[in-house]
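K.L.:
sequence isn't available, so here's the structure alone:
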């Protein structure tokens, strides 16, 4: 029997990959996005795979839009089985040079958008005493990102929100809250980003295939677990900041500053923060090596050596 799956931010990147992964399982899909035109092209692809699909134009920053999305999904599928919070944005720039309205919008989308989604679907889960809420958070929930202060605030906030919600739901053993922490992904997210650095930006290597996130979402929907790290680099970065926070922050800041000094100059942009854009709506952004995880080993080894060196330095100082 097919389940009813709701996915926000389904028009591109990881959201699009997640929709296709569930479509291959012949599930009922309710896809949400601000970009309704692109969402319909995703729906056509999903329907060609045998899924039943409903598209809903929905902005996660608007609580009423999430309430409407949940109501339409409940009616479409006779209940909601899985809700995937996925819509997200990015703004790059020095904190004091980034307009505060931009920081507000990043937090409204990345943090409040997930809260709005959870708040809308939870009454349906409680009514049926079951359901799975999946939050696609990113490794940014553990690793602070210099020049992305609003992004870091939203992702760290998501971890706290999810942890508190899990504690509230102890009396509902069949309602699961599952958090995913993927490493950097080969999606169009950077192309869509607001950018106030004045320099062209790209994701830090290694970048991973977003299909790996989609596969993890499907897996968690079948076998819920509280936290899932995606990509070996995620484990490395989480451990690095947990054990060596000061050194990790310093190195991260130095790496980004070094890159920005060398990067080509571009005009500042709001990206897709306030309105959807008409470009880069595929799954991939063209940054990485999709399907070739072994190509990332050199970065993992380098990172492990860096952490080991930092640990030895600290021990010597003691």
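P.N.:
Right, received. Where do you want to start? For clarity, every value in this text was computed on a predicted model and none was experimentally measured.
K.L.:
would you point out the helix or strand in the chain whose mean pLDDT is lowest?
P.N.:
helix 297-317 (a mean of 46; mean pLDDT, DSSP states H and E).
K.L.:
where along the stretch 101-250 of the chain do the strands fall?
P.N.:
Secondary structure of the stretch 101-250 of the chain (DSSP state E, counting those that start in this stretch): strands located at 131-136, 175-182, 194-195, 227-230.
K.L.:
got a markdown table for the ones you listed, with mean neighbour count and mean pLDDT too?
P.N.:
For glycine as for every other residue, the C-beta is placed from the backbone atoms N, C-alpha and C. As requested, those are exported to a markdown table (neighbours: other CB atoms under 10 Å; pLDDT from 0 to 100):
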| stretch | mean neighbour count | mean pLDDT |
| --- | --- | --- |
| strand 131-136 | 25 | 98 |
| strand 175-182 | 23 | 98 |
| strand 194-195 | 23 | 98 |
| strand 227-230 | 18 | 97 |
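K.L.:
all helices of this structure, in order?
P.N.:
13-23, 36-48, 63-77, 100-107, 113-128, 149-168, 189-192, 210-222, 232-243, 245-262, 297-317 (DSSP state H).
K.L.:
low-confidence ranges, the stretch 201-318 of the chain, go.
P.N.:
Along the stretch 201-318 of the chain, the model assigns pLDDT under 70 to residues 289-318.
K.L.:
swap in 90 and give it another go.
P.N.:
Counting by pLDDT under 90, the stretch 201-318 of the chain shows low-confidence ranges at 203-206, 287-318.
K.L.:
for residue 278, find the nearest of the strands of the stretch 101-250 of the chain.
P.N.:
strand 194-195 (16.3 Å; CB to CB).
K.L.:
pull the residues that contact that closest one.
P.N.:
89-93, 102, 106, 201, 266, 268-273 (CB atoms under 8 Å, 6 or more residues apart in numbering).
K.L.:
which two among those are spaced furthest apart?
P.N.:
106 and 266, at 19.5 Å, using CB to CB across these.
K.L.:
what number of residues lie near the closest residue to residue 155 other than its chain neighbours?
P.N.:
Residue nearest to residue 155 in three dimensions, not counting chain neighbours: residue 140, with 3.9 Å by CB to CB, 6 or more residues apart in numbering. A count of nearby residues for residue 140, using other CB atoms under 10 Å, gives 24.
K.L.:
next one: residue 140 from residue 122, what distance?
P.N.:
24 Å (CB to CB, to the nearest Å).
K.L.:
any idea how far apart the tips of stretch 217-227 sit?
P.N.:
11 Å (CA to CA, to the nearest Å).
K.L.:
what about that stretch, distance to the chain center?
P.N.:
15 Å (CA atoms, centre = their mean, to the nearest Å).
K.L.:
how about that stretch: buried residues?
P.N.:
In terms of neighbour count (16 or more other CB atoms under 10 Å), stretch 217-227 has its buried residues at 217, 218, 220, 221, 224.
K.L.:
ok, back up a step: just the helices of the chain: most buried one?
P.N.:
Greatest average neighbour count among the helices of the chain goes to helix 13-23 (a mean of 27), per mean count of other CB atoms under 10 Å.
K.L.:
between that one and helix 36-48, how many degrees?
P.N.:
30 degrees (axes from the mean of the first three to the mean of the last three CA atoms, to 10 degrees).
K.L.:
so what's the closest residue to residue 115 other than its chain neighbours up against?
P.N.:
Take residue 115 and drop its neighbours on the chain: the residue closest to it by CB to CB, 6+ apart is residue 161, 6.1 Å away. Listed by CB under 8 Å, 6+ apart, the contact set of residue 161 reads 111, 114, 115, 118.
K.L.:
any chance of those in a markdown table, with pLDDT too?
P.N.:
Formatted as a markdown table, these follow (pLDDT from 0 to 100):
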| residue | pLDDT |
| --- | --- |
| 111 | 98 |
| 114 | 99 |
| 115 | 98 |
| 118 | 99 |
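K.L.:
out of these, which is nearest to residue 83?
P.N.:
residue 118 (7.5 Å).
K.L.:
ok, for that closest one, nearest residue in space, not its chain neighbours?
P.N.:
Per CB to CB, 6+ apart, closest to residue 118 is residue 133, 5.8 Å.
K.L.:
no further queries at this time; thank you.
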